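1. this one's structure only:
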């Protein structure tokens, strides 16, 4: 019974996988190497309609057209960068899921690291201040009266236990 | 006075303000056109049957500001802005050229007959390739083009009264006056 369910699940996963592959098989270049390249490029191109999907994942009309453009450029002998530039000229850097590093995008790339550094520095400063404050109190000696009181309490406590 | 406790509160306030600004004042669906201040791409298209002699890049160089309106009969938002375009045409405010995007010829012709035409010329971009050259990613879009055929601006989505007053009319009158 268990084996049955197991095979059912495995079969389902395999089926889902093959279905995901099969969505766009009607579009395909004759040369498998070119087709692979076209797909790799397409995976890095943003679908402008459903913004956080690549054109490879999207079934929007425009995504299909753009996949066609990518295949056409690859078949025409463009390099990967030339294909990307072809789209960037028309749609801007925005069309690339992996935006290039330039002045305009510097904040985007450097921002998280800067925030992480600032946060780290703040955390270090905070922890240091706290540990030095705590340490200071611990090291502070008891006054003679306090020491005497403490001794008495410890001694009397013991005597009470005995008695 | 110890105000150190305010640091996280302030940090939160700044982030919240940024997010509220982005939420209410930025539109993530508006991707600014890469073609602004560049010449309109080269193209030459057949007309929607019965609506003019076709449309090409040279037709956009009129020595005055013109509009290139991307439309389709299947596009609901186009219907919303269409009366405004027809009115602009009737009042002779600005010449409007129609780029019929990924439509069927007879459907486009029927649509124009039914809703009236605002276009001096029309061109049918059956496969959407001219649209891609123009960086079109949705319909309607309207390009504002200067006398030498350079793209001045692109309005994404239906033209609003606000777009008309702030983006179209100043450029049209600036060129004429």
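-> Looks like it arrived, so ask away. Here the structure is a predicted model, which means the values were calculated and not measured.
2. When you work out contacts or count neighbours from here on, use the C-alpha atoms and nothing else.
-> Will do.
3. For the chain, which residue occupies the most central location?
-> Because you didn't say which chain, this covers chain A. residue A:112 (11.4 Å; Cα atoms, centre = their mean).
4. The intended chain is chain B.
-> Judging by Cα atoms, centre = their mean, chain B has its centre closest to residue B:142, at 1.6 Å.
5. now the residue of chain B found nearest chain A, what's its secondary structure?
-> Using Cα to the nearest Cα, the single residue of chain B nearest to chain A is residue B:135, 4.8 Å away. Here residue B:135 is coil, with the state taken from DSSP: H, G, I helix; E, B strand; the rest coil.
6. ok, now which ones touch the residue nearest to residue B:145 when sequence neighbours are not counted?
-> In space, and not counting its chain neighbours, residue B:145 is closest to residue B:151: 4.5 Å by Cα to Cα, 6 or more residues apart in numbering or on different chains. Residues near residue B:151 by Cα atoms under 8 Å, 6 or more residues apart in numbering or on different chains: B:35, B:36, B:37, B:38, B:39, B:40, B:143, B:144, B:145.
7. Is the first one in contact with residue B:134, as I believe?
-> Think residue B:35. Yes: Residue B:35 is within contact range of residue B:134, at 7.3 Å (criterion: Cα atoms under 8 Å).
8. residues shared between the contacts of these two?
-> Applying Cα under 8 Å, 6+ apart, one finds that residue B:35 and residue B:134 are jointly contacted by residue A:90.
9. picking that back up, where does the residue nearest to residue B:145 sit relative to residue A:91, distance-wise?
-> 14 Å (Cα to Cα, to the nearest Å).
10. Check residue B:25 too.
-> 22 Å.
11. residue ranges with poor pLDDT in chain B?
-> For chain B, residues meeting the criterion pLDDT under 70 lie at B:1, B:175-177.
12. can you rerun that using 90?
-> Along chain B, segments meeting pLDDT under 90 span B:1-8, B:24-34, B:52, B:173-177.
13. Spell out which residues of it are next to chain A.
-> With Cα under 8 Å from any Cα of the partner chain as the criterion, chain B meets chain A at residues B:31, B:33, B:34, B:35, B:128, B:132, B:133, B:134, B:135, B:137, B:138.
14. element containing the second one, please.
-> In the assignment (DSSP states H and E), residue B:33 maps to no helix and no strand.
15. same deal with the last one?
-> Element membership of residue B:138, judged by DSSP H and E, is empty: it is in no helix or strand.
16. dump the residue contacts of residue B:60.
-> Taking Cα under 8 Å, 6+ apart as the test, what residue B:60 contacts is B:66, B:145, B:147, B:148, B:149.
17. Repeat the analysis, applying 6 Å as the threshold.
-> residue B:149 (Cα atoms under 6 Å, 6 or more residues apart in numbering or on different chains).
18. ok, it to residue B:120 distance?
-> The gap separating residue B:60 from residue B:120 is 11 Å, by Cα to Cα.
19. one step back: more neighbours, residue B:25 and residue A:91?
-> Higher neighbour count among residue B:25 and residue A:91: residue A:91, with 23 against 9, using other Cα atoms under 10 Å in any protein chain shown.
20. Can you tell me the closest non-neighbouring residue to that one?
-> residue B:135 (5.2 Å).
21. Any idea how many residues pack against the one you found?
-> 23.
22. now residue B:163
-> 13.
23. Surely residue B:124 forms part of a helix?
-> No: counting by three-state DSSP, residue B:124 is not part of a helix but strand.
24. Which residue comes closest to it once chain neighbours are left out?
-> residue B:100 (4.8 Å).
25. Work out for me the element that neighbour sits within.
-> Using DSSP H and E, residue B:100 falls in strand B:95-101.
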